[in-house]
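Peer 1: I'll drop the sequence and a predicted model, then ask my questions.
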Amino acid sequence: MEAVTELFECVPEVAFFVKDRLGRYTAVNRSLLQRVGLKRREDLLGRSVEEIFPPNLAERYGHQDEAVLRQGRAVRDQLELHWQINRKPGWCLTTKLPLRDAGGAIIGLVGISRDVPGPGETRALPASVASAVEYLRQHFGERISPASLAKRVGVSPVRLARLTHRLFSLTPTQLITQTRIQAAAERLGHGKMSIADIALSCGFTDHSAFTRAFRIAVGITPTAFRKQTPP
């Protein structure tokens with residue numbers, strides 16, 4: 001495992017970790033240490049998410065770990081808000097897989113969280129992707145599907161999917177969801193729109209669908225997020 005950890009030291013945009021059967025860290029790369037504000041591996045190894053992250057994040061990560069460790073259910077490319085360097089919030093894609101012994105019993109998990117670059121962080125966007133991003137910024141509240149977005153910017157759905165994956169590590173569906181969640185978070189933090197109205201204005205079919213998507217991405221409900229956001 002040391003060789004694997006050393007390999008992930010070469011990709012600072014990826015947080016790498018291994019946990020034991022009880023969800024305690026047994027291996028981490030330097031990137032994860034920087035994200036949680038620690039300098040030495042010894043300060044993180046042997047500890048659980050409840051000891052490192054605030055309650056809203058710890059609860060989400062704990063539920064993910066439980067699904068992997070108890071049920072063997074992998075988490076693959078889950079789009080969510082995470083800490084980037086120095087605890088700065090940013091989007092990432094998280095994957096967690098069960099580790100098994102020779103007999104097939106689950107003995108831990110291995111995972112990574114890959115930073116998702118924002119459209120403004122990409123030096124040069126192809127015209128079609130730039131058009132798609134700009135269209136989403138202005139029309140995220142409308143009914144948009146990957147197929148309709150591709151048609152709007154004049155490329156095939158397959159071509160758009162390849163481009164968004166290469167540039168942002170996102171599927172078109174994830175890009176649409178990310179745009180809507182970001183817009184919703186801004187409206188929750190500013191103004192007095194009801195959560196139901198925010199849901200509809202940001203393209204969600206109803207309050208329940210919005211709450212579910214927001215909690216998956218952010219780790220807490222829209223109501224809790226609003227309470228935690230300074231006026």
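Peer 2: The structure has been received and is ready for your questions.

Peer 1: what's the burial count for I52?
Peer 2: The number of residues packed near I52 is 19, by other CB atoms under 10 Å. Heads up, the C-betas are built off the backbone N, CA and C, glycines and all.

Peer 1: ok, and the closest non-adjacent residue to it?
Peer 2: V36 (5.4 Å; CB to CB, 6 or more residues apart in numbering).

Peer 1: Any idea which residue is closest to the centre of the chain?
Peer 2: E80 (2.0 Å; CA atoms, centre = their mean).

Peer 1: Settle this for me: it is touching R215, isn't it.
Peer 2: No: counting by CB atoms under 8 Å, E80 sits too far from R215 to count as a contact (10.0 Å).

Peer 1: ok so, going back, against W83, how distant is the residue nearest to I52?
Peer 2: Going from V36 to W83 by CB to CB, to the nearest Å gives 7 Å.

Peer 1: Settle it for me: which of those two has more neighbours?
Peer 2: Comparing V36 with W83 by other CB under 10 Å, the one with more neighbours is W83, at 21 against 17.

Peer 1: which residues touch the more buried one?
Peer 2: Contact analysis of W83 by CB atoms under 8 Å, 6 or more residues apart in numbering lists 35-36, 53, 57, 89-90.

Peer 1: got a winner among the residues you listed for most neighbours?
Peer 2: In terms of neighbour count, R35 stands highest of those at 22 neighbours, by other CB under 10 Å.

Peer 1: Isn't that one up against G90?
Peer 2: No: R35 lies out of contact with G90 (CB under 8 Å); the separation is 9.6 Å.
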